[in-house]
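> With the sequence up front, the predicted model follows.
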Amino acid sequence: MPPKRIRGTTPNIVAAARHLRQNLTPAERTLWQALKNCQLNGFKFRCQHPVGSFIVDFYCPQCRLVVELDGEIHDQQIDYDTARTKQLNRFGYQVVRFHNQAVMTNLDGVLQQILEVIGERI
């Protein structure tokens, strides 16, 4: 029996997610260290999680929350990010975005904001 795919992902998307997990940016690595192993109030997060044709940075299945980190490249792809967020919303996910700099300079504040969004979702 072939492995179950998540929301229409393809083997290429799954492979790309695996590659991204192995090559996290410094901000992603920092946030992942704080989220992995249910460290944030017991909530499980997945890192570089495939959803359809997308790979989301972090995903909490318990509350269907997607956490995206935005670097400088995102300043030039605002329309793409907006469309991507709308599609993820249609799938039933809530998306919250943080700039890489916020993670690197105010990790506690970012984690608090994530907890606030989780509180609204549960």
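That came in fine, so what should we check first?
> ok, how many other residues are close to the closest residue to residue 44 other than its chain neighbours?
Spatially, and ignoring its direct neighbours in sequence, residue 44 is nearest to residue 38 (5.3 Å; Cβ to Cβ, 6 or more residues apart in numbering). The C-beta positions use only the backbone N, C-alpha and C, and glycine is treated the same way. Per other Cβ atoms under 10 Å, the neighbour tally for residue 38 reads 11.
> Residue 38 and residue 61 touch, don't they?
No - judged on Cβ atoms under 8 Å, residue 38 makes no contact with residue 61 at a distance of 11.8 Å.
> residues shared between the contacts of the two?
residue 44 (Cβ atoms under 8 Å, 6 or more residues apart in numbering).
> hang on, the earlier thing: from residue 46, how far off is the residue nearest to residue 44?
Taking Cβ to Cβ, to the nearest Å as the measure, residue 38 falls 11 Å from residue 46.
> Residue 67 now?
For residue 67, the distance to residue 46 - Cβ to Cβ - is 10 Å.
> ok, those two, which is more surrounded?
residue 67 (23 against 17).
> I figured the more buried one hits residue 98, correct?
Yes - because the distance of 7.2 Å satisfies Cβ under 8 Å, residue 67 is recorded as touching residue 98.
> Check the secondary structure at the closest residue to residue 24 other than its chain neighbours for me.
Among residues not flanking residue 24 along the chain, residue 32 sits closest, at 6.3 Å (Cβ to Cβ, 6+ apart). The three-state assignment at residue 32 reads helix, by DSSP: H, G, I helix; E, B strand; the rest coil.
> Give me the neighbour count for residue 32.
17.
> and the residue nearest the centre of the chain, what helix or strand is that in?
For the chain, the residue nearest the mean C-alpha position is residue 58 (2.5 Å; Cα atoms, centre = their mean). Element membership for residue 58, per DSSP states H and E: strand 54-60.
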